[in-house]
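Engineer: build me a structure from this.
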Amino acid sequence: MPKSGENPRWVNASILAGAGFFIFALFLSAVFDPRIRVLHVLQALIYVAVIVLTRMQSAWGFGAGCIIAAFWNYINLFVTTFIKAGLQQISMLLRTGELHRPDLLIAVVAAAGHFLLIVACLAGFLRTRPELRRWGQFAGGGALAIGYFALIIITTGSQYVGLLKRVFHL
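Structural biologist: Residues are numbered from 1 along each chain as shown. This is a model prediction of the structure:
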């Protein structure tokens, strides 16, 4: 049984695993495309902060983890369809034993990590029995994470600025 003010073991483990899956996906993606290495190192910092802040029961950390994960999954499910393409590659691999685009599997690993992160951050946050101020911090953490994500794309990932404009309908 966790002490008062601590997350249950499964919440901490799930946040660590979810963030870890995503950081691993960032690493693999950077192996395939060296142009995005700086962007992905900076992006990984979001997940390191989430791990640290959620261990401290920070509403900012729970919000950053939950909302950036949901935002990234939204982009890759509904704007780019990378997750769908990755799932199609898995289906092809299981049916034929052939894999034509292994790079698309990275999006599936990343999305799985994010779904785990969303559930764990929500569960950890709700266990704190948040009052209105902490809900504001939760939303603020998510807004800061998305803002930081947009900033690092603008400054180090110019090839994704068009995608960012599509996401925000600019």
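
Engineer: could you use CA atoms for every contact and neighbour count after this?
Structural biologist: OK.

Engineer: so where's the protein uncertain?
Structural biologist: 1-5 (pLDDT under 70).

Engineer: next, name the residue at the spatial heart of it.
Structural biologist: For the chain, the residue sitting closest to the mean C-alpha position, by C-alpha atoms, centre = their mean, is A69 at 3.4 Å.

Engineer: for that one, which non-adjacent residue is spatially closest?
Structural biologist: Counting by C-alpha to C-alpha, 6 or more residues apart in numbering, A69 lies nearest to H114, which is 4.9 Å off, once chain neighbours are set aside.

Engineer: correct me, but the residue nearest to the centre of the chain touches A110?
Structural biologist: No - with contacts counted by C-alpha atoms under 8 Å, A69 stays clear of A110, the gap being 9.3 Å.

Engineer: before we move on, back to that, please state the offset of the helix or strand hosting the residue nearest to A69 from the chain centre?
Structural biologist: For H114, the host element (DSSP states H and E) is helix 105-127. Here helix 105-127 shows a centroid-to-chain-centroid distance of 7 Å under the convention C-alpha atoms, centre = their mean, to the nearest Å.

Engineer: what about the helices in the chain?
Structural biologist: Secondary structure of the chain (DSSP state H): helices at 9-32, 37-55, 59-74, 82-96, 105-127, 132-156, 161-167.

Engineer: most packed of those helices?
Structural biologist: Most buried of these by mean neighbour count (mean count of other C-alpha atoms under 10 Å) is helix 59-74; its value is a mean of 25.

Engineer: next, the angle helix 37-55 makes with that helix.
Structural biologist: If you take axes from the mean of the first three to the mean of the last three C-alpha atoms, to 10 degrees, helix 59-74 sits at 140 degrees to helix 37-55.

Engineer: list the contacts of the helix holding H114.
Structural biologist: Helix 105-127 is touched from outside by 7-8, 11-12, 14-15, 17-26, 28-29, 54, 57, 59, 62-63, 65-67, 69-70, 73, 76, 82-83, 86-87, 89-90, with contacts defined as C-alpha atoms under 8 Å, 6 or more residues apart in numbering.

Engineer: likewise stretch 37-47?
Structural biologist: 19, 23, 26-27, 30, 64-65, 145, 149, 152-153, 156-157.

Engineer: same check, this time on stretch 50-70
Structural biologist: Against stretch 50-70 from outside (C-alpha under 8 Å, 6+ apart): 5-7, 12, 15-16, 19, 46-47, 49, 114-115, 117-119, 121-122, 124-125, 128, 134-135, 137-146.
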